[in-house]
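>>> Mind folding the following:
(chains A and B)
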Number of protein chains: 2
Amino acid sequence: MTAPKYGTAEDFKLAIEELKDALPREGGVSTVQADLVIHGESPYHHHDCVDHSVVVYPESTEDVVKVVKIANKYKMPVVPYSGATSLEGQVGGYSGGCICVDMSEMDQILAIHEADADLVCQPGVGWMTINETLRDKGIPLFFPIDPGPSATIGGMVSTGCSGTNAVRYGTAKGEWFLNLTVVLPSGEVIKTRRRSRKSSAGFDLTKLFIGAEGTLGIITEVTLRLAPVLPTTVATVQFPNVAAAAEAVRQTINLAGVGASVQCVELVDNNFMVALNKFAGKRKYLEKDGLFFKFQGHSPTALKEVAKIVKGVCEKNGGSGFKLASGPAEADSMWDDRKNALNIGLSLYPDAKGWSTDVCVPVSKLPQLVHETKKDIAAAQIPSMIVGHAGDGNFHALLLYKTEEELDVAKIVADRMVKRALALDGTCTGEHGVGVGKKKYLVEELGPGTVGLMKKIKHTMDPLGLFNPGKLYPD
Amino acid sequence: MTAPKYGTAEDFKLAIEELKDALPREGGVSTVQADLVIHGESPYHHHDCVDHSVVVYPESTEDVVKVVKIANKYKMPVVPYSGATSLEGQVGGYSGGCICVDMSEMDQILAIHEADADLVCQPGVGWMTINETLRDKGIPLFFPIDPGPSATIGGMVSTGCSGTNAVRYGTAKGEWFLNLTVVLPSGEVIKTRRRSRKSSAGFDLTKLFIGAEGTLGIITEVTLRLAPVLPTTVATVQFPNVAAAAEAVRQTINLAGVGASVQCVELVDNNFMVALNKFAGKRKYLEKDGLFFKFQGHSPTALKEVAKIVKGVCEKNGGSGFKLASGPAEADSMWDDRKNALNIGLSLYPDAKGWSTDVCVPVSKLPQLVHETKKDIAAAQIPSMIVGHAGDGNFHALLLYKTEEELDVAKIVADRMVKRALALDGTCTGEHGVGVGKKKYLVEELGPGTVGLMKKIKHTMDPLGLFNPGKLYPD
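All right, here's what the predicted structure looks like:
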């Protein structure tokens, strides 16, 4: 495959004029410098930022088609953009110039089918907005994929994301996205599937766009499946070390009759607990490695029974201070302590920036990986903390830095973390995606044949290489 | 795309000689007439059967590569074959001549990672064998995808199958298959992913082969995820009609605190109950439309609580005769009554053949679909029964026939059932796959753009059209 040849600067100027004609309403197209810059950077990552040439705000699938046709005419790259909470530089600009397609005007819930437990929406709506809407309407259903708070559906599909609920509900790569309406790089519009929960009518093209980071199409409508709301409660427990905590997790989630009641199990290290107490302004928790559990069950009695069994498993593995929330308010507050990890972590090193990176390994390998990573971080002497979705073998390190020197150290530590995960049959990213930050690891992780097939499919669908160039695929 | 051009009869003779050299062990290659015929037909469907030209029995990925390279050299089609329980003619021969790749010698469980709750196996092993092996070893884990009893893993991946457990555990298109080793049509071998439970390292090529019916690659190794065994029990209940039963299902599965405890919920019609009583030789159940439930929970007490709530929901919807199994033995026996549906159904019309076909719609549309289909079947006056995975909106009709005339009627009834499902935003097949039987519906269901993209990907991966030609893709 030869490198794609894009249009000239002159072509791109013409393209921008045509975009203005195509989306003539106020605010449909922006070339305001601040817009170009803000869409190219992200407070959440450390990758080089590239400005966009123009930002468009489509209001419909038809608008997106118009944009893509102009992109084709002038061979101008296109970068889809929704919640922009991605951590690996997925939505940055392309250095030769590109059109940023900001989906924020397409943020509507189009239909709620309560009886079918599904919902149709546009890509710019946030998962939290969906859940708040359902709650406000008194519909006892929710969407269980829970990445960072501001994430929106289009980006969640494109990242192949997950979150704390993945232990019980799986990830974006599971069966939560029933179908997608997609504008292909050619400008053609397809709907990948119908609305039934199941179908074995051939391989499911929905899956091709999950994790493709906007390189194969722009998602303009999504049907997603909902789950019944269940009674839940939260517990925390501390351990002498990460290995003991991880062993307790393993025993719990595979335990007949209990594993299925664990909705979430989060590993936090002693540094996180230090940060949490500092953030709370009081010594709220023991400053030891620990776990946060969220249990679910059909009744409060069932929840108490499950909690009691899990407490026993934890104590057998050296756990202490097992604390079960006294009621819903305390449960929410304890869970917020975990969900607020990024802000809490940043307080460890005031005014520092945070490099958040994630890897995932088979769950039995997690203790070794976390142990070695913590040793490595300690030797490197950078402020950090570890939080992880322990039930999935997935964890995040937040590495804090202020200076270029500290950033260089963080880079090396993050790189060693990935290599350690790969050596343990794991992946360079469990839920953050590839973007520009992880693409160099893809061949080692998947092999040249698998990456070659990914590139072949990309080339078949986007022969001009217009969609989100420079992301995902190794050079 | 032009039609693929295969080798001549003379080429295929040479190919068969080379296959014998490549797999020289006793039984590696068969051209015995009975083998060619038996691999081309299936007792489970009514499609025209085509014999294979040769059957090969590879013992390793390397053997499969050898076969595929010879197929490429002589442009001879290849049809992968494992459990052969598929219902839409997926494993039949190709009329111009083809190599049947029977995976029955590759039937080993290669590794069980209890701590990670995953297992590595070859494609020829059955899901029931996996679960029996785990039980015999005392490992409290199981593989929850449960299609027909003799189905094997390779075919289950390729069909994109599911079964009664899908309400709780989802389908083959979910996250149960962690990675696949695949021999591509070029002869290249790829492994789609590593063994971690989660990865967002790009779009997941594993999914491309799920439901591809062997048209994109031959699966030679699979890593699958296991779930903890839970206490379960079984209940049955009867209703005045299908609509009332379906409404009870809908209310139950979306009920906060209860829905998640429903592992299976199966709809059976009055005809099935008649057949069941006939098969049992006694009036075991009321001969009305009804439901079979399988509940799961962390303890026997929890199961009883859930059963009590569901009983209430059923009775509110006109249900009667709610019967909860008195213990594990009765639960197994009651569940066997449902799982044995095919044999039971055949007893309705002795010595008849059965046409088993399935469709799937959004769950709220199921009552209408079943009601209209039953009316249609009654008017057509063919013996039949309906059983369905009501929690998913998926149901099967078994249409019984002896004569060509009856078969013609069954064909028309089955066709109308599909068209009715498509009109209700459903799919032509919920879990049986496309094969030769359903490919004519694909464009109507998915649209020409989506089917066009499927064909484009097929052509990119298999430019010679060697892998399972005539299946899946509409002509």
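
>>> Sort out which residues of the helix or strand of chain A with the lowest mean pLDDT are buried, please.
In chain A, the helix or strand scored least confidently by mean pLDDT, DSSP states H and E is helix A:341-346, which has a mean of 86. Neighbour-count burial for helix A:341-346 flags A:341-342, A:344-346 (criterion: 16 or more other Cβ atoms under 10 Å in any protein chain shown). Using the backbone N, CA and C atoms, a C-beta is placed for each residue, glycine as well.

>>> Also stretch A:442-453?
So stretch A:442-453, judged by 16+ other Cβ under 10 Å, has buried residues A:442, A:445-447, A:449-453.

>>> Can you list the low-confidence ranges for the stretch 51-200 of chain A?
Along the stretch 51-200 of chain A, the model assigns pLDDT under 70 to no residue.

>>> element containing A:Ile130, please.
helix A:127-136 (DSSP states H and E).

>>> Check A:Val64 too.
Going by DSSP H and E, A:Val64 is in helix A:61-74.

>>> A:Ser150 and A:Gly126 touch, don't they?
Yes - between A:Ser150 and A:Gly126 there is a contact under Cβ atoms under 8 Å: 6.3 Å.

>>> Identify the contacts common to those two.
Residues touching both A:Ser150 and A:Gly126 (Cβ atoms under 8 Å, 6 or more residues apart in numbering or on different chains) are A:Gly83.

>>> Tell me which of these two has more neighbours.
A:Gly126 (21 against 15; other Cβ atoms under 10 Å in any protein chain shown).

>>> quick one: contacts for the more buried one?
Contacts of A:Gly126 (Cβ under 8 Å, 6+ apart): A:83, A:107, A:149-153.

>>> Got a quick ChimeraX command for the buried subset of those residues?
Buried members of the contacts of A:Gly126, defined by 16+ other Cβ under 10 Å, are picked up in ChimeraX with:
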select /A:83,107,151,152,153
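
>>> Could you let me know which of the contacts of A:Gly126 ends up closest to chain B?
A:Ala151 (12.6 Å; Cβ to the nearest Cβ).

>>> Torsion angles phi and psi at that closest one?
phi -60, psi 140 (degrees, to the nearest 10).

>>> Nearest the geometric middle of chain A, what residue?
For chain A, A:Cys161 is the residue whose C-alpha lies nearest the centre (Cα atoms, centre = their mean; 3.8 Å).

>>> In terms of helices and strands, where is that one?
Per DSSP H and E, there is no helix or strand for A:Cys161.

>>> how close does it sit to B:Glu175?
14 Å (Cβ to Cβ, to the nearest Å).

>>> Overlap of the contact sets of these two?
Common neighbours of A:Cys161 and B:Glu175 (criterion: Cβ under 8 Å, 6+ apart): A:Thr171.

>>> and the buried residues of stretch A:442-453 near chain B, which?
A:442, A:445-447, A:449-450, A:453 (Cβ under 8 Å from any Cβ of the partner chain).

>>> where does the stretch 51-200 of chain A come near chain B, residue by residue?
A:113-118, A:140-141, A:159-162, A:166, A:170-175, A:184, A:188-200.

>>> I meant to write the stretch 251-400 of chain A there.
With Cβ under 8 Å from any Cβ as the criterion, the stretch 251-400 of chain A comes near chain B at residues A:253-261, A:296-299, A:301-302, A:305-306, A:309, A:360-364, A:389, A:392-394.

>>> Show the buried residues in those.
Buried members of those, counted by 16+ other Cβ under 10 Å: A:253-255, A:257-261, A:296-299, A:302, A:305-306, A:309, A:360-364, A:389, A:392-394.

>>> Restricted to strands, list those.
Counting by DSSP state E, those place A:296, A:360, A:389, A:394 in strands.

>>> Now render these as a markdown table, adding pLDDT.
Shown next, in a markdown table, are these (pLDDT from 0 to 100):
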| residue | pLDDT |
| --- | --- |
| A:Gln296 | 90 |
| A:Cys360 | 97 |
| A:His389 | 91 |
| A:Asn394 | 95 |
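
>>> thinking again about what came up before, and after the helix holding A:Val64, which helix or strand comes next?
Helix A:61-74 is succeeded, C-terminally, by strand A:78-81 (DSSP H and E).

>>> what's in contact with that following strand?
Applying Cβ under 8 Å, 6+ apart, the contact partners of strand A:78-81 are A:39, A:52, A:55, A:67-68, A:71, A:91-94, A:98-103, A:154, A:158, A:214, A:218-219, A:466-468.

>>> And what about A:Ala275, helix, strand or coil?
Assigned state for A:Ala275: helix (three-state reduction, DSSP: H, G, I helix; E, B strand; the rest coil).

>>> can you check A:Thr171 too?
coil.

>>> Can you show me the strands along the stretch 51-200 of chain A?
Per DSSP state E, counting those that start in this stretch, the stretch 51-200 of chain A carries strands over the ranges A:54-56, A:78-81, A:99-102, A:109-113, A:118-121, A:141-142, A:177-183, A:189-191.
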